[in-house]
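>>> Here's my sequence, what's the structure:
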Amino acid sequence: MSHTPRYRTAVSTALIVALGAGVTACGSDGDPLSAKPYDATEDISFSIPVDDGKKADPDKPLEIAAKDSDGRITDVTATDAAGRYVAGELSADGGRWHSTSPLAAGARYTVRVSTEDEDGAPGRKVLGFDTSTPTTKKRLNVKFGPETGTYGVGQPVTAELSAPVKDKAARAVVERGLKVDSQPAVEGAWHWVDDKNLHYRPKEYWPTQATIRARSNLAGIKVAERLWGGQAKSLKLTTGDRVEAVTDAAAHSMTVYKNGEVINTIPVTTGKPGFETRNGVKVVLGKEYFVRMRGTSIGIAEGSADSYDLPVYYATRVTWSGEYVHAAPWSTGSQGSANVSHGCTGMSTGNAAWFFKNVRAGDIVKVVNSDGDTMAPFGNGFGDWNLTWKKWRAGSALVADTPEARPRLRPESV
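Numbers count the residues shown, from 1 in each chain. Sure, this is the predicted structure:
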């Protein structure tokens, strides 16, 4: 029986197998479903070593794709010599199958693939391949943040991992290898934001005029199976004065403190009903002398009653979604008496220029008595300080190794 190819796989960066299928069945009644699955060997090409003595990389997933849009994969099974199955997922349209569990190193695998063309004619292919034993180890690199410099006392230290770490035991290895020291010394802890990002903060804000160093001791340490610690550039930060701006949304006033002393009281306006300013502690993310603010950026339809498109000066950013402390000369009549903004904290141009000059990244901006939601801990800036110390430590893989769970060798900071 002769046939033309029906399937081929697309080559990806992963482990790929190309498939072929036949045309119409040979049955006398012409029913493709009654046909014996044909051997598509001559129509198949492989992008991985298959039964030729070469070995596949076990760190790459197994993927099988149907190149012909008229055909589909109906079933895939992959097992090793011991009969253990490789878990996988088949897309709803039958166009792609991929493994969801890792391949073992130094193993022999057999893959059985079933296909179907647009007429329902079945195709079958059984193939085998071997995986190699890795000669190199996958490295887990760490990038500390923010950039070296001087920050306010609310600035968390961040660590971004080059690969996800989900297992708690592996996370504990990572935490033990990531060191943060400060002078003066304070109690602090890491908190896992997600599988690839951690934040470190003290129990309270950093001391003023402190020196903070972050480094990794993970190089050469086994974190998980086939995952070993790599290199990381150390980080040095310093803190300035303790600057805190506390906005009382109900009183329409901001009080700015420096090292505990009031240095300015500013009449402000915050978010009006429907656009209430977030309560809670935020950390200054940066300063922008000029920003073009448009209502469409926060979901307000252009041309609607709430639509706006304004040049804004002396803008101090406190969330990634666009909440600022900024100059709002158009609302000076309401500053100190009413909330009329779309969520930002507005003040006169002179006051905004003063605020812009006297704060830096890492300084604290706190809002109280607003009807808005509380600032989220993560994802929209640094809301880390809105978690209690108990909840913060609960995000660590080393909760059992906390001051409360071990003998105290030195007094805790307060």
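
>>> Surely residue 144 is within a helix?
No - counting by DSSP: H, G, I helix; E, B strand; the rest coil, residue 144 falls outside a helix, being strand.

>>> got a list of what the closest residue to it other than its chain neighbours touches?
Leaving aside its sequence neighbours, residue 144 sits nearest to residue 235 (C-beta to C-beta, 6 or more residues apart in numbering; 3.9 Å). C-beta: built from backbone N, CA, C; applies to glycine. Contacts of residue 235 were listed using C-beta atoms under 8 Å, 6 or more residues apart in numbering, and they are 144, 145, 148, 157, 212, 213, 214, 215.

>>> Just give me the neighbour total for the fifth one.
The reference is to residue 212. Neighbour count of residue 212, defined by other C-beta atoms under 10 Å: 22.

>>> for it, which residues make a bridge with it?
residue 182, residue 237 (DSSP bridges).

>>> give me the number of residues near residue 289?
10.

>>> no no, residue 341
Around residue 341 there are 23 residues (other C-beta under 10 Å).

>>> which of the contacts of residue 235 count as buried?
144, 145, 157, 212, 214, 215 (16 or more other C-beta atoms under 10 Å).

>>> Can you tell me which of the residues you listed lies closest to residue 242?
Closest approach between the buried ones among the contacts of residue 235 and residue 242, by C-beta to C-beta: residue 212, at 14.5 Å.

>>> Would you enumerate the residues in contact with that closest one?
157, 180, 181, 182, 206, 235, 236, 237, 238, 239.

>>> Just the buried ones among those, please.
157, 180, 182, 206, 235, 237, 239.

>>> residues touching the closest residue to the first one other than its chain neighbours, list them.
Just to be clear, that refers to residue 157. The shortest distance from residue 157 to any residue other than its chain neighbours is 4.2 Å, reached at residue 200 (C-beta to C-beta, 6+ apart). Listed by C-beta under 8 Å, 6+ apart, the contact partners of residue 200 are 156, 157, 158, 159, 178, 180, 188, 189, 190, 191, 214.

>>> Any idea how many residues pack against the residue nearest to residue 164 when sequence neighbours are not counted?
Of all residues not flanking residue 164 in the chain, residue 195 sits nearest, at 3.7 Å (C-beta to C-beta, 6+ apart). Look at residue 195: counted by other C-beta under 10 Å, it has 12 neighbours.

>>> and if you look at the one 4 residues further on?
Under the neighbour criterion other C-beta under 10 Å, residue 199 is assigned a count of 20.

>>> does it sit in a helix or strand, and which one?
strand 197-202 (DSSP states H and E).

>>> which among the contacts of residue 235 gets closest to residue 320?
residue 145 (14.2 Å).

>>> quick one: contacts for the closest one?
157, 158, 159, 160, 235.

>>> so how far is residue 143 from the first one?
It refers to residue 157. Look at residue 157 and residue 143: by C-beta to C-beta, to the nearest Å, they are 12 Å apart.

>>> Check the second one too.
Separation of residue 158 from residue 143 (C-beta to C-beta) stands at 8 Å.

>>> between these two, which one's more packed in?
residue 158 (18 against 14).

>>> would you list every one of the helices in the chain?
Using DSSP state H, the helices of the chain run over 168-177, 349-358, 389-394.

>>> can you list those helices in TSV and add mean pLDDT?
TSV is the format used below for the helices of the chain (pLDDT from 0 to 100):
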stretch	mean pLDDT
helix 168-177	95
helix 349-358	98
helix 389-394	97
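
>>> could those go into a markdown table alongside distance to residue 79 and mean neighbour count?
Below are the helices of the chain laid out as a markdown table (distance: least, C-beta to C-beta, whole Å; neighbours: other C-beta atoms under 10 Å):
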| stretch | distance to residue 79 | mean neighbour count |
| --- | --- | --- |
| helix 168-177 | 27 | 18 |
| helix 349-358 | 65 | 17 |
| helix 389-394 | 41 | 15 |
